[in-house]
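Enquirer: Pasting the sequence and the predicted coordinates here, then a few questions.
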Amino acid sequence: MDRPLYPFTAVVGQERAKQALLCLAVEPRIGGVLLCGEKGTAKSTLVRALGGLDGVRLLELPVSATEDMLLGGVELETAVRTGRRTFQPGLLARADGAVLYADEVNLLPSALTAALLDTLETGVCRMERDGISHTCPARFALVGTMNPEEGTLRPQLLDRFGLYVAVTGERELEARKEVVRRRLAFEENPAAFCARWAPEQEALRRRIGSAQALLPQVSLPEPLFDTVARVCTALQVDGHRADITMLKTARALAALEGRTEAGMEELRRAAELALPH
């Protein structure tokens, strides 16, 4: 039996990382989330816990993945049995409409990074190998985690993440103690721990579902466009991707609060997520 996932709502602190992931769950067109920080700060725990919430389909890209695993390839069993070459879909094809999680995304081989970039740009997975040419839809939201001490991320891939959060460990004494208490309780009895947090998990599932339904009704007043343009111009932000991401994130934040109009407070919080990188 699969081990239960650590509950999203049981993670101590990391409010900005939680906020970014919830915004992505509500509005996948934000363009992805990158959590960057030291090891042992619940980055991977949070992302995998997001996949345990209804309404979010999460697939994981292993660091050890090959091009065949990512793009697809020849289905060997059929080829050996019948002599016919048939296409076996890879992870990108299965990720269409889902969230694709890449742990240690900065350590992915250059060939996989290039394939990710091409697919994120076009929304189509292309595979041409061994006499087989195949294309399929592959529109997904990318979530990455990384430890900057282990290497940098290619600028082209960094640009594909709409939101960025620098993750650090808890510095306050009581918070650090609570992190350890909860982790030990989970390891001792995962089922009982998850049962204890089930009401909070269910409330969050309902909140996400309500926000997804409300999102199309959330309006963006004209002053927000003016503020975004002024801020991005003042900071000399390249292109317009950050402007668009800020506004989409502000709408998602408003929807999560049950509001039908985004305001300056949502925009301020959106800027903290969309502009650092």
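Expert: The structure has been received and is ready for your questions.
Enquirer: Do you have the helices of this structure handy? List them.
Expert: With helices called from DSSP state H, the chain shows them at 15-26, 43-50, 67-71, 76-82, 91-94, 110-122, 155-158, 173-188, 190-196, 198-214, 222-234, 241-256, 264-274.
Enquirer: Give me the helices and strands touching the second one, please.
Expert: Which is helix 43-50. Where contact means 3 or more Cβ pairs under 8 Å, 6 or more residues apart in numbering; DSSP states H and E, helix 43-50 is packed against helix 15-26, strand 33-37, strand 58-61, strand 99-103, strand 141-146. (Glycine included, C-beta is placed from N, CA and C.)
Enquirer: Between the ones you listed, which one is closest to residue 174.
Expert: Nearest to residue 174 among the helices and strands packed on helix 43-50 is helix 15-26 (15.8 Å), distances taken as Cβ to Cβ.
Enquirer: Tally up the residues packed near residue 42, please.
Expert: Counted with other Cβ atoms under 10 Å, residues neighbouring residue 42 total 23.
Enquirer: what's the answer for residue 191, then?
Expert: For residue 191, using other Cβ under 10 Å, the count is 11.
Enquirer: for residue 15, same thing?
Expert: The number of residues packed near residue 15 is 10, by other Cβ under 10 Å.
Enquirer: just how off-centre is stretch 237-248 within its chain?
Expert: 18 Å (Cα atoms, centre = their mean, to the nearest Å).
Enquirer: actually stretch 161-176, sorry about that
Expert: Offset of stretch 161-176 from its chain centre (Cα atoms, centre = their mean): 16 Å.
Enquirer: And it, what's buried?
Expert: By neighbour count on 16 or more other Cβ atoms under 10 Å, the buried set for stretch 161-176 is 161-165, 167, 170.
Enquirer: Can I get the helices of the chain in a markdown table including mean pLDDT and distance to residue 147?
Expert: Supplementary listing: the helices of the chain in a markdown table, determined by pLDDT from 0 to 100; distance: least, Cβ to Cβ, whole Å:
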| stretch | mean pLDDT | distance to residue 147 |
| --- | --- | --- |
| helix 15-26 | 94 | 14 |
| helix 43-50 | 91 | 8 |
| helix 67-71 | 79 | 22 |
| helix 76-82 | 58 | 36 |
| helix 91-94 | 84 | 23 |
| helix 110-122 | 86 | 17 |
| helix 155-158 | 86 | 15 |
| helix 173-188 | 92 | 18 |
| helix 190-196 | 94 | 26 |
| helix 198-214 | 95 | 27 |
| helix 222-234 | 91 | 29 |
| helix 241-256 | 94 | 24 |
| helix 264-274 | 94 | 20 |
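Enquirer: right, so of those, which gets closest to residue 143?
Expert: Nearest of these to residue 143, taken as Cβ to Cβ: helix 43-50 at 5.4 Å.
Enquirer: ok, residue 54 - contacts?
Expert: Applying Cβ atoms under 8 Å, 6 or more residues apart in numbering to residue 54 gives the contacts 205, 208-209.
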